[in-house]
Every structure is written in structure tokens, then in C-alpha cells.
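Asks: coords please:
(chains A, B, C and D)
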There are 2 protein chains.
Amino acid sequence: MKPDALRGHLDALLLATLDGKQLHGYAIIEALQLGSGGALDLPTGTVYPALRRLERAGHVTSDWSTVGGRKRRTYKLTQTGQKALHAERDAWREFTTVIDGVLGGGGKWAQT
Amino acid sequence: MKPDALRGHLDALLLATLDGKQLHGYAIIEALQLGSGGALDLPTGTVYPALRRLERAGHVTSDWSTVGGRKRRTYKLTQTGQKALHAERDAWREFTTVIDGVLGGGGKWAQT
DNA sequence: CGCTATATGTAGCTCCGCTACTTATGAACG
DNA sequence: CGTTCATAAGTAGCGGAGCTACATATAGCG
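Replies: I've put the predicted structure just below:
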């Protein structure tokens, strides 16, 4: 998958991954790998700044903890984050509907 | 729809719009408006450079014509453009499958 | 003549994911 | 004990693609 495709949809992925559970950054990356069947292998340089962005936006909050001597910053959704996730899911639906319409029905067939 | 979402999918839209017919830039914009039910209203500053990119990549060719005193650059798909369209459709399918999987199945339900 | 629709184009900005790198600890291996 | 790998977080800087804003030109309408 070409990397540009993620543009504008990364937030939705992160919010969805945090939906109903608290995870730290490294675990989020692994969860996305698992959840996507290996298709998504996001580098830390993508995920960590994105999480800070989401925190600045008030969609997630973070707490530090130390597990086995290693520091973890655990994120969880806020209420606005929940709403944002909902909005992202709706936007995703609309987006795919539009693109599907053009890719499928914009060609030579259709116009029936 | 937020504009960033288009990132990496615009080529697919343009190629699909040109699939089976020849259109000039302005008509492509209108066709995308119609084909998307008004959801896609791409500015010329987006479409024209993108078409030139596609031409540079060999996916489309263009011919000038004059209709009613106005110059038109009419684009049509090349064979590699057809293949590219096919590849874009496949990539789109894969992309939506992956994201749908995470958005739908990455949350608290699933894990069955 | 002015305004709108048609038609194409470019310069520059911004945003965001990616590359590449740094820092730090624990565990395993020899 | 030293090396290496897995875990864990982070930043600096790049690249590119879509967008804003602007420039240009003709036809047609009032």
C-alpha cells in the first residue's frame, strides 16, 4: 500500500485502536499490525507525533507508567475523542461511498 | 469532506473519469461533481497539475482542439493508463478492506 | 462595456506521513 | 562482562501532493 493513501485517515485508525482500551504507542503499532493482517506497519515517526497531535486536540489523554523498568505513555480516548471517532467513522463511510461511486459508476457502464 | 482525504486517491478518480471517454480538464471537474453527487468539487489548481502529472507518467495523452473559439486540451487514457486504473482500483479495494477492518473490527467487539 | 461562464494554467503554501536518527532499559547469549 | 536484540519513546527534517490565489483569454448576454 502506498504511504500517501493514509493521509487524513491515520487519526481514525488511532482513535479506533484506542476505542475501549488503553494502549501505549508501541502497543498501538502492534495492534494495528495485527488488526490489519500485517498490511499496516506504521513507523514510530508516524505514530508518536500523531498521538501527540491527538492529545493536543483533546481527543486522547496520556499517563506515564513504568513497567519492567521501561517507561510507557499510555493513551486513552476522551469524550471528545469518542465523538471524533464517531465523526471519523461517518466521514470514512461518506468518503468510501463517494470514491466507490466514481471508481465503479463513473466509467462506461452505469448511466443506466 | 476534508481535503486531505483525497491524498493518494486523486489519480484513481481522474483515471476512472477518463475510462472509456475523452474529456478536457474543465469537463473532468464537472463530471466528478456529477458522478459524486456534488461531494467532489475539485479546484482547477488541483486537477490541472494532476493531469499534467498523469501525462508525464504516461497514463494519459492530450490533444488540443478549439471549440467555439476556446482552446481545449482533451485527455484520454493510454494503455499504461488503463493498467494503472486497474491497479488503482485494486489498491483502493485493498485499502478500504484494511481500513474497514481496523475501524470496524479493531475495537472492542470482534476478537471472535 | 461589464459581468458571467467557459477554459487553462502557475507560484507558493501548508500539512502530514515518512526517513533516519537518538536515547534508554531489560533480557538473552556467549 | 560485553554484545546484541526487543521494548519503548522521541525529534529533526524531507518530500510531495492538494489547495489558495492569482493570471490569462474568449464567448455571450444585458
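Asks: how about the helices in chain A?
Replies: Applying DSSP state H to chain A gives helices spanning A:10-17, A:25-35, A:44-56, A:79-105.
Asks: Which strands or helices does the first one pack on?
Replies: Pointing back at helix A:10-17 there. Helix A:10-17 sits against helix A:25-35, helix A:44-56, helix A:79-105, helix B:79-105, with contacts defined as 3 or more Cβ pairs under 8 Å, 6 or more residues apart in numbering or on different chains; DSSP states H and E. Using the backbone N, CA and C atoms, a C-beta is placed for each residue, glycine as well.
Asks: Quick one: closest of those helices to B:G69.
Replies: helix B:79-105 (29.7 Å; Cβ to Cβ).
Asks: Poorly predicted segments of chain A, please.
Replies: A:105-112 (pLDDT under 70).
Asks: The residue nearest the centre of chain A and A:R89: what is the separation?
Replies: Centroid-nearest residue in chain A: A:L13, 1.5 Å away (criterion: Cα atoms, centre = their mean). A:L13 sits 11 Å away from A:R89, going by Cβ to Cβ, to the nearest Å.
Asks: I'd guessed A:F95 sits against B:M1; true?
Replies: Yes. At 6.1 Å, A:F95 counts as touching B:M1 under the criterion of Cβ atoms under 8 Å.
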